[in-house]
Each structure stands twice: as structure tokens, then as C-alpha cells.
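Engineer: Quick one: sequence plus predicted model below, questions after.
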Amino acid sequence: MIEQSTIEANVAQKDDNTLLEVRNLKMWFARYSGLFAQHIHYTRAVDDVSFTIKQGETLGLVGESGCGKTTVGRCIVRIYEPTAGQILYHDNGTTVDLAALNRQQLLPYRQQIRMIFQDPYSSLNPRMTVFENVGEVLQVNRLAQGSELEDRVASLLKKVGLRPEYMRRYPHAFSGGERQRIGIARALATNPRLIVADEAISALDVSIRAQILNLLKELQAEMGLTYLFIAHDLSVIRHICDRVNVMYVGKMVESAEATELYANPQHPYTEALMSAVPIHNPRLRGKKQRIRLEGDVPTHRIRRLAVIFIRAAVMLRRVVRLMRQICVCWIMKHSMRFPVISRRSSICAVLYRKRKIEPVGAQWIASKIYSTKRMFQ
């Protein structure tokens, strides 16, 4: 059982306004192979990621699909148990490492850190009404019961722009934007301080996206919320975020203010992402050159295959050397049994074939071995 690790409030290089600090976060997923699953291979989804989130700000986390954005968010809310690293949460003068807490110790902090999931269709239980989906959070955390529970759910639905009478309906009766509003209401049920929005608008239409973004900004101003906004739409990140972190293949490659990052990106991958943003003005299209990244993404699988290929080539070279030494020894032992034939004398080779004598000579074999030796050196 892991004891709760409480770190001193005056941590070095810590801003007084810092709410969450992630240090050297790693999340490796183990894969087993072999006859008895004795070989373990690791997929490094997140590898040595560090950043901070200040109170009341919106931090954007961008990158292409598969770079580890969602894994970082799930590690923060402890859906995944991190392989290594620290997740320091600053609460009322104390600093707690969320990565070192067990399930029971995490309960009070789960109320303060909530998550909005990407897919509004699968994030809600289809067998439960809206009242049960939203009210379950209040019941599990023992925040409301009975008539108070119904009043709290009705208030949350009003806050996200839905009518209170909708609470008796099932999720299939709502559109995608309305379901995402229900997911936001469920995330707000415990009055959190930090909300991890995992691509909360990527599955919605353009018009509905604007409504959800405006709703999130209004709730932030009203309740003093802090957002970790995960997305791959750079125009949305520019609209809502104060600072932006760029991830690539499980690592953090650049971090800057949103205006500075869009005006002057430093990393080549960030420049390629910025050049991929569609230009809405037809007169400006074609004037900006698109930066296209060539080659395959340097995934760990490709690196592992390259290592296997190199090891096989080295082993083949050793085998060839061994066979060459065996052939030389055999030639030195049996060279007197065969006539010496010149490499260019095809007539002698034909005569020896007619006499059923094998046209093999020590000099010819030695020349072949020498050419093979030069090939593999």
C-alpha cells in the first residue's frame, strides 16, 4: 500500500499561482509475446513529459493523432496509473503527488479534477436517464440525496443551456451537441477546480463547436475553472487557450504563449502544424507554402525493427566469416587431389566435364572466397 506523499509547499521553481505540475511523466504500455508470454515489449505512449498549469488559465495540448495527448489527460485524472513521474497538485498550501496515491486516497481529489470525454455518444450510459447519469456523480461522492439531488441536477442542466424537464429522458433522445452539454454538466457536478477537456468538440458540427466553446468560456469566467484543453484543431486552440504545448511521439517539443507560438514557432514540427491550418480567405490561398513532413513517423516499432535487422546482418556476417574459414581449411587439406584450372580456361573445364572429373581447383575456389571476403568487409 502506497502512503500519501505530501511535498512541501515551497517547492523550488514553483509559482504561487500554479495549480498542477507534471514532472517527467511516463506512461508505458506493456505487451507480452512468446509461447508463455515471457517477452515484454513496451509502447512508450508518453515519455518524459513536464509542464505546469496555472490557476484560472486554459492550457492547450496539441499534436497529431497518436502522439499521447489523451494518455496525458487520463494519467492526470488517474484513469491510467503512470509508469513513472510526478503529478503535483497544489491545494490550500499543500502539494500532493497524485501519481503516488491509491484508489481510496484519490477520492477527495477526483472531485476537484474532472474530465470531459471526446465521444459524447459513448461517454453516457444509454440505459440511464440524464438524471441518473448526472446525479450518479453526486451520489457516489455523497454530495446530495433525495430532493436536493434533483434540484442540483436541474441547476446543472440550466447552467449548460438545457431544460430541467429533459432530465427524465435517455441519451438517445438528444443530439451530439446536447449530449456533450450533458457531459459538461456531469463534469461540473462536484464544483471542480481543473477540467481536462479531451477533444470535447472534435465530434461536433462547426456551429455546435462555437456554442460549446462559448459555453466553456462563460463557465470559466463564472466558476473560475482551469482547463487542460486537448485538441488537434489549431484554430480552436488559438481561440480559447492562453498557453500551448506541442507534443510529438510522446514527447513535449515546444511550449509558449498562444500568440507567440502562432506568430513565431520554433520547432520544425510546430511549423509544419501551423502550415497545415486551412486559410479561409481565398485571396491568401496559395501564397503560403505548405510544409510537408517526409518519411514515416519514428515510432518505437520502426526503431525496434531496425535494431533487429542490424543484429541479423551482423549475425550473417559472422556466419559468412565462419564458412569462409571452414572452406579455406578444407581446400588446404584436399588441394592436391584436384587439378589446377585457370578461371578463364573454359576449354579445360569442358574436357574435365566429359571425363567426369569435377573442374574444381584450389586457385579458383580461393579467388571466390577472396571476393566474398571483400563483399562482407
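Structural biologist: Ah, there it is.
Engineer: quick one, what contacts Tyr80?
Structural biologist: Met27, Thr71, Arg74 (Cβ atoms under 8 Å, 6 or more residues apart in numbering). The C-beta positions use only the backbone N, C-alpha and C, and glycine is treated the same way.
Engineer: go with 10 Å
Structural biologist: Shown in contact with Tyr80 (Cβ atoms under 10 Å, 6 or more residues apart in numbering): Met27, Phe29, Ala45, Val46, Thr70, Thr71, Val72, Gly73, Arg74.
Engineer: wait, the first one sits on Thr43?
Structural biologist: What it means is Met27. Yes: if you go by Cβ atoms under 10 Å, Met27 and Thr43 touch, sitting 9.3 Å apart.
Engineer: more neighbours, the two?
Structural biologist: Met27 (22 against 13; other Cβ atoms under 10 Å).
Engineer: okay, the more buried one: pLDDT?
Structural biologist: On pLDDT, Met27 comes in at 93.
Engineer: does it sit in a helix, a strand or a coil?
Structural biologist: strand (DSSP: H, G, I helix; E, B strand; the rest coil).
Engineer: quick one, strands of the chain?
Structural biologist: 6-7, 18-33, 39-54, 58-62, 84-91, 94-97, 113-116, 194-198, 226-230, 243-248, 251-257 (DSSP state E).
Engineer: Tell me what angle the fourth one forms with strand 243-248.
Structural biologist: Just to be clear, that refers to strand 58-62. Note on geometry: by axes from the mean of the first three to the mean of the last three Cα atoms, to 10 degrees, strand 58-62 and strand 243-248 are set 20 degrees apart in direction.
Engineer: From Ala45, how far out is Ile308?
Structural biologist: To Ala45, Ile308 is 22 Å away according to Cβ to Cβ, to the nearest Å.
Engineer: Could you check which of these two is surrounded by more residues?
Structural biologist: Between Ile308 and Ala45, counting by other Cβ under 10 Å, Ala45 is the more crowded of the two (23 against 10).
Engineer: and that one, what does it touch?
Structural biologist: Applying Cβ under 10 Å, 6+ apart, the residues near Ala45 are 26-29, 66-72, 74-75, 80, 83, 249-250, 300.
Engineer: again, 7 Å this time
Structural biologist: Met27, Phe29, Gly68, Thr71, Gly250 (Cβ atoms under 7 Å, 6 or more residues apart in numbering).
Engineer: Adding distance to Leu98, write these out as JSON lines.
Structural biologist: Formatted as JSON lines, the contacts of Ala45 follow (distance: Cβ to Cβ, whole Å):
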{"residue": "Met27", "distance to Leu98": "14"}
{"residue": "Phe29", "distance to Leu98": "20"}
{"residue": "Gly68", "distance to Leu98": "18"}
{"residue": "Thr71", "distance to Leu98": "15"}
{"residue": "Gly250", "distance to Leu98": "20"}
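Engineer: Tell me which residue is most central in this structure.
Structural biologist: The centroid of the chain falls nearest to Gly68 when counting by Cα atoms, centre = their mean (1.3 Å).
Engineer: That one touches Asp48, doesn't it?
Structural biologist: No: taking Cβ atoms under 7 Å as the definition, Gly68 is not a contact partner of Asp48, at 11.0 Å.
Engineer: Relative to Pro278, how far out is Val77?
Structural biologist: Distance from Val77 to Pro278, by Cβ to Cβ: 32 Å.
Engineer: The two: which is more packed in?
Structural biologist: Neighbours were tallied for Val77 and for Pro278 using other Cβ under 10 Å; the higher tally belongs to Val77 (20 against 7).
Engineer: Retrieve the pLDDT associated with that one.
Structural biologist: pLDDT, Val77: 93.
Engineer: got a list of what it touches?
Structural biologist: Ile113, Met115, Val196.
Engineer: can you list the weak-confidence ranges in this protein?
Structural biologist: Counting by pLDDT under 70, the chain contains low-confidence ranges at 1-15, 33-39, 281, 284-289, 291-307, 331-377.
Engineer: got the residue ranges for the helices in it?
Structural biologist: Listed in chain order, the helices of the chain (DSSP state H) span 69-76, 103-110, 130-140, 146-159, 176-188, 206-223, 234-240, 258-263, 268-275, 300-334, 346-354, 362-376.
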